[in-house]
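Peer 1: no letters, just coordinates:
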């Protein structure tokens, strides 16, 4: 199981300690570093800065939001950074949700998200393969554009720039069972938001457990890790993240994160967190997140406890553990335990 460092997205501004953390992760042998985007900082620019200050560690987006840019623009970002970094890019993509897509990007959330994702990946693959002009008779991403409000003058184009790698890895952030199942067919990897090594049966049907995943397919969940003496205190940031995602990253009637928590056995608790958060009682919402759920999707506590729990992560289909940590000591302990 490889280790990756997950940096997430910026809050009010950049963290001046992140580059130090990335360099330490590279020194410790971490395989990859990952950035994200919500409605502030973007995912690609920080990776470009990191690429200029590192030499080996792979550079992933977890995730670049599809609504933020057309599939050809995303492919251009990935192609360009792949050249500048010497072939280190891992392109992680995600749909986000209706509130962000329509509220921030001003675009309709696709009524057929699986089709929209499939078309997006198809176009990205075509650009990077550079076998010919990019065309798609698609519902969401048609190329050339043929809508009635256009000029009708668009022509199929092929990338001027030759890609460094025609098979640059594409991973998808998927939460619903059908979306996960499609991911195993069309992508090179899956980026689970929450992963519980004790509930792998929750994913077996979508992952096709009977036939197994194809060789090289990445399963790369995010896990918040903290080496500390007090487990309850160490879980508070995990509960804070869950309170925000489950409570506030979606509408009361459509919140993919709350739905996922429900499928993992905490449906009643997820709805309670949502109710409190949407009522403006955010601190109560965070405290309402069950310690048991926060604990099973994270690695928190003394070194010995983390060592024992890490074995469960290794026994499942996880190929890459993307560690959300803010201190070099935690990164070092995980590197030592994972050898």
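Peer 2: Arrived safely, thanks for sending. It should be emphasised that the depicted structure is a prediction, and the values quoted were computed from it without experimental measurement.

Peer 1: in a helix, residue 79, correct?
Peer 2: Yes: assessed by DSSP: H, G, I helix; E, B strand; the rest coil, residue 79 belongs to a helix.

Peer 1: any idea how far it is from residue 160?
Peer 2: Distance, residue 79 to residue 160, by Cβ to Cβ, to the nearest Å: 10 Å. C-beta here means a position set from N, CA and C on the backbone, and glycine is covered the same way.

Peer 1: so which of those two has more stuff around it?
Peer 2: More crowded of residue 79 and residue 160, by other Cβ atoms under 10 Å: residue 79, with 24 against 7.

Peer 1: hang on, that one packs against residue 163?
Peer 2: Yes: shown here, residue 79 and residue 163 form a contact pair, counting by Cβ atoms under 8 Å, at 5.1 Å.

Peer 1: anything in contact with each of these two?
Peer 2: Taking Cβ atoms under 8 Å, 6 or more residues apart in numbering as the criterion, residue 79 and residue 163 both touch 127-128.

Peer 1: what's the residue nearest to residue 10 when sequence neighbours are not counted sitting at in phi/psi?
Peer 2: Spatial nearest neighbour of residue 10, chain neighbours left out: residue 41 (3.8 Å); criterion: Cβ to Cβ, 6 or more residues apart in numbering. Backbone geometry at residue 41, expressed as degrees, to the nearest 10, gives phi -70, psi 150.

Peer 1: before we move on, what about residue 318?
Peer 2: Note on residue 318: its backbone torsions stand at phi -60, psi 130 [degrees, to the nearest 10].

Peer 1: now the helices for the stretch 151-300 of the chain?
Peer 2: Ranges of helices within the stretch 151-300 of the chain are 177-186, 201-207, 231-248, 256-261, 267-278, 282-288, 291-296, based on DSSP state H, counting those that start in this stretch.

Peer 1: what helices or strands is the second one leaning on?
Peer 2: For helix 201-207, the helices and strands in contact under the criterion 3 or more Cβ pairs under 8 Å, 6 or more residues apart in numbering; DSSP states H and E are helix 177-186.
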